[in-house]
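*Asks:* return a 3D structure for these sequence lines:
(chains A and B)
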Amino acid sequence: MITRRTFSALAVATAVCALAGPATAADYPSERLTYTIAFGPGGGNDRMSRTVVDILRKYDLYAGDIVVENREGGSGAVGFSYVSQQAGDPYRLTSTSGNFIGTPLVADTDWTYADFTPIGLLASDAMLLVVRADSDVTDVDAFVEAAKAGRVTIAGSGSAGPERVTAALFAKAAGIEFEYVPIGSGGELVTALTSGSVDAVVANPSEVAGQLDAGTLEALAFSDNARSTNNPDVPTFKELGYDFSFSLPRGVVMPSGLAPEVQDWWIATLKQVIETPEWQEYLVKNGMSGNPIWGAEFAAYLEETSAQYRAVLVEIGAIEG
Amino acid sequence: MLGEIASNLSLGLSVAASPEGFLFLVLGAFLGMIVGLFPGFGPAAGIAVLIPMTFGLQPTIAIIMLAGIYYGSMYGGTITSILINTPGESATVASTIDGYPLAQKGRAGPALVMQAIASFFGGTVGVILITALAPSLADFAASFGPSEYFLIIAVGLLMLTTMMGDNKFKGFISALIGFAIGTVGVDVMSGQQRYTFGSPELIGGVYFVAVAIGLFGIGELLHCIFNGQHRQPAKRLRISFRDKEFWPSRQDYYESRFTFWRGSAIGFIAGVLPGSGATLGSIIGYSVEKKVAKDPEKFGKGEMRGLVAPEAANNAASAGAMVPLLSLGIPGSGATAVLLGAFLMWGLQPGPLLIVNDPEFVWGLIASMYLGNMILIAMSIFAIPLFVKFLDIPYVNVVPVIVLLCVVGAFAINASIVETWILVGSGLLGFAMKRYGYSPAATVLALVLGSMAEETFLQTYIISQGTMSLFWERPVSLVLSVILLTIVLVPAALAVMRPRKAQAAGEAR
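*Replies:* Next comes the predicted model:
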């Protein structure tokens, strides 16, 4: 088959022939592709989707036109519902994020993660446990001890979002109790910590990157399976002996009811996308780690993440069990 | 310090003076003047309606354009105040007091030129103050936790009372409507849904841009039609800047040389305080000018200083209002509330760290305001005859265009019909509010500030284990609490004292 990856349209066409056999290969990417973004312009999901599309265009990885559309509303409910209704259409792509798992759990949507064809998890967006650099707590064990000795407050964005899930999973693994303070968004979250109002925050690396660089804040642990390439000094919860991991799936899915050849074509194409310097730059800039998984493995990951999420939401009383 | 400011500004200029940035800045400033020209169609509605136009743009460029509409409308709004005694928006109401008599005396030309110069002066002084103060304000703001945010928002909500008009009772009802709309969405504590009726579109709450377009745009329109404004023939006015009488006299400049400074300083302070803004600034600017004048009897009869003061003030205020917006994420007026929505839509979180995380954006915006004011003074002076022509368009032809812009604007927010229904509902509400003297501005501000107040209050509640002790244990909170109590208690105490005094006076007689 193909031994060497080159980024020319010709090579891609050959790759497709080799992978999918003559009949489908000749006509699969023959129409206009619609990439639906279930969130507004400027957010994390939007940035990732547009990065993927820009790479597809720049390296001619997709032969036809690509249309990008934002269909925001209802924490992704509107856009994901729209894509799930295009079952059988092989020219529809959308990007997943935390709400892809979370929204169907809390709202009455006509779709769940299982109503899509999984392509791949391109990056995982995990969380950091962060404290002030001038605080007495310098590692996770000290934090756990402080929590056992007295009352600790941990803040995170949103009341039932991935930050709270991460905090709850940590507390369970460490056997501690904490007071969760839901705070609207990145900026206020950081000031809640810098102003000394709360003891720690659970935050996305991109939200605290500036403060970590400046040395005003200190990250104690990372919620991914492996250390982040951006913060190699920060240990994972797992290696510290707190057995859990949780991250947002930054992946690509398509509507259900597609031929396996289409799924394979996109897995092969996206594998090329993540090899590009542009994608590496995107990961670094947004503080993500790239531990990609594909197809069936991605489906299993979505199932596990959804179950973890659901258990925490039931525990905190946001939804009924 | 100065070197830092210079490097920040040159960073900003590299964004604002790029060909694309400059083009959209000119477009925004131009649209702002037009928005200001149409009575009732103020900057809040103007920005809200034109947000969808910016969807294809880069965020910084989009905000530069929207901000241009915001402060551009302050220039345009005065033109109708002077020419036809109809303020384009609330912040230029004070300019009618002396502006219209000037036009009646045949000095419309000098009045229009002078208002442009005063606007430029106020706007530029305001931006210089932002440039100097914004970085230190950001440092200060990093010490703001939930308790401080709540108290600042509470102060802002109290300031709302100054915007409610004469009838405070109706003003409170207007604000309560805003609070009620703000409860739709997800409960901060538990994550449970409130009043969403199973609609996924409402999980994120009622998007206030649709409410703002409805209340201001459609509401004002219905009210104008109700008053029969569409049947009135358009007034024809002719002005040419080749005439000698077009320009202000040397005496005009000489008499108002201090007025420029006073108006700008008062306006900037009023603008920085959340909730007061340009309208209050222009009113205080006018009354202070009249108080310090040796000849207060001239005011109200076509006195140039009476026009310069509110104009310098409202433009300085519109610049000042960018300080709490950029450094604290707190909007000070309906228009900046809509701008805040636009920021969030672009993924820019206004707050203490905006200037740290997105310096290109903040300094690009600030630099664009310097350029924008220069563009606007040139535009106002040389395009005055052209802008006057816009008033020739019969209102009956303007109506369908505004309706179209509003509906497209609301639909484009989410490409969803839900927002369009919200628009229709709030349009009818806006008409009723205008008709019966309620305050749509209070509703929109309460909608924005109400949910922020709820969140920060609950955060403080959780952190302090329900004791509220944070409000007096933290130094900044303590100061803010004292200010808050002073604002509430002093007028209340005066109200209690006054009848007693009157009574005492009565007994003495």
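
*Asks:* show me the domain layout of the chain.
*Replies:* I went with chain A, as the question did not name one. A:9-125+A:248-316, A:128-222 (automatic domain parsing).

*Asks:* wrong one, I was asking about chain B
*Replies:* Split into domains by automatic domain parsing, chain B comes to B:2-463, B:464-500.

*Asks:* so which of these comes closest to chain A?
*Replies:* Each of those has some distance to chain A by C-beta to the nearest C-beta; the shortest is domain B:2-463, at 2.8 Å. Heads up, the C-betas are built off the backbone N, CA and C, glycines and all.

*Asks:* distance between the ends of the closest one?
*Replies:* With C-alpha to C-alpha, to the nearest Å applied, domain B:2-463 spans 40 Å between its terminal residues.

*Asks:* what's the most buried one of the domains of chain B?
*Replies:* Among those, domain B:2-463 has the highest mean neighbour count (mean count of other C-beta atoms under 10 Å in any protein chain shown), at a mean of 22.

*Asks:* could you tell me how far it lies from the centre of the chain?
*Replies:* Distance of domain B:2-463 from its chain centroid, counting by C-alpha atoms, centre = their mean, to the nearest Å, is 3 Å.

*Asks:* ok, now stretch A:257-264?
*Replies:* On the basis of C-alpha atoms, centre = their mean, stretch A:257-264 sits 23 Å off its chain's mean C-alpha point.

*Asks:* buried stuff in it?
*Replies:* Buried residues in stretch A:257-264, counting neighbours by 16 or more other C-beta atoms under 10 Å in any protein chain shown, are found at A:Leu258, A:Glu261, A:Val262, A:Gln263, A:Asp264.

*Asks:* with secondary structure and pLDDT added, can I get the residues you listed in JSON lines?
*Replies:* Shown next, in JSON lines, are these (DSSP: H, G, I helix; E, B strand; the rest coil; pLDDT from 0 to 100):
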{"residue": "A:Leu258", "secondary structure": "coil", "pLDDT": "93"}
{"residue": "A:Glu261", "secondary structure": "helix", "pLDDT": "92"}
{"residue": "A:Val262", "secondary structure": "helix", "pLDDT": "93"}
{"residue": "A:Gln263", "secondary structure": "helix", "pLDDT": "94"}
{"residue": "A:Asp264", "secondary structure": "helix", "pLDDT": "94"}
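
*Asks:* just the strands in the stretch 101-250 of chain A please.
*Replies:* Applying DSSP state E, counting those that start in this stretch to the stretch 101-250 of chain A gives strands spanning A:116-126, A:128-132, A:153-157, A:179-183, A:200-203, A:217-222, A:247-255.

*Asks:* would you mind putting those into CSV with distance to B:Ser481 and mean neighbour count alongside?
*Replies:* Below are the strands of the stretch 101-250 of chain A laid out as CSV (distance: least, C-beta to C-beta, whole Å; neighbours: other C-beta atoms under 10 Å in any protein chain shown):
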stretch, distance to B:Ser481, mean neighbour count
strand A:116-126, 39, 24
strand A:128-132, 24, 24
strand A:153-157, 21, 25
strand A:179-183, 20, 23
strand A:200-203, 25, 27
strand A:217-222, 28, 22
strand A:247-255, 39, 25
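
*Asks:* B:Ala367 is nearest to which of the ones you listed?
*Replies:* strand A:217-222 (30.1 Å; C-beta to C-beta).

*Asks:* is chain B contacted by the closest one?
*Replies:* No - using C-beta under 8 Å from any C-beta of the partner chain, strand A:217-222 stays clear of chain B, coming no nearer than 11.2 Å.

*Asks:* for that strand, packing partners?
*Replies:* Under the contact criterion of 3 or more C-beta pairs under 8 Å, 6 or more residues apart in numbering or on different chains; DSSP states H and E, strand A:217-222 touches strand A:128-132, helix A:140-149, helix A:186-194, helix A:205-214.

*Asks:* adding distance to A:Leu248 and mean pLDDT, write those out as CSV.
*Replies:* CSV is the format used below for those (distance: least, C-beta to C-beta, whole Å; pLDDT from 0 to 100):
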stretch, distance to A:Leu248, mean pLDDT
strand A:128-132, 13, 94
helix A:140-149, 21, 93
helix A:186-194, 14, 75
helix A:205-214, 11, 74
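
*Asks:* C-terminal to the helix or strand hosting B:Phe268, what's the next element?
*Replies:* For B:Phe268, the host element (DSSP states H and E) is helix B:257-272. With elements assigned by DSSP H and E, the helix or strand that comes after helix B:257-272 is helix B:277-292.

*Asks:* between helix B:257-272 and that following helix, find me the angle.
*Replies:* 140 degrees (axes from the mean of the first three to the mean of the last three C-alpha atoms, to 10 degrees).

*Asks:* show me the contact partners of helix B:277-292.
*Replies:* For helix B:277-292, the external contacting residues (C-beta atoms under 8 Å, 6 or more residues apart in numbering or on different chains) are B:74, B:90-95, B:97, B:162-163, B:259, B:262-263, B:266-271, B:296, B:299, B:305-306, B:308-318, B:320-321, B:332-333, B:336.

*Asks:* narrow the residues you listed to those in helices?
*Replies:* Filtering the contacts of helix B:277-292 for membership in helices, criterion DSSP state H, returns B:74, B:93-95, B:97, B:259, B:262-263, B:266-271, B:305-306, B:308-318, B:320, B:336.

*Asks:* going by contacts, tell me the helices and strands next to the one helix or strand B:Leu13 maps to.
*Replies:* If you go by DSSP H and E, B:Leu13 is part of helix B:2-16. In this structure, helix B:2-16 packs against helix B:19-37, helix B:59-84, helix B:108-141, helix B:359-382, with contacts taken as 3+ C-beta pairs under 8 Å, 6+ apart.
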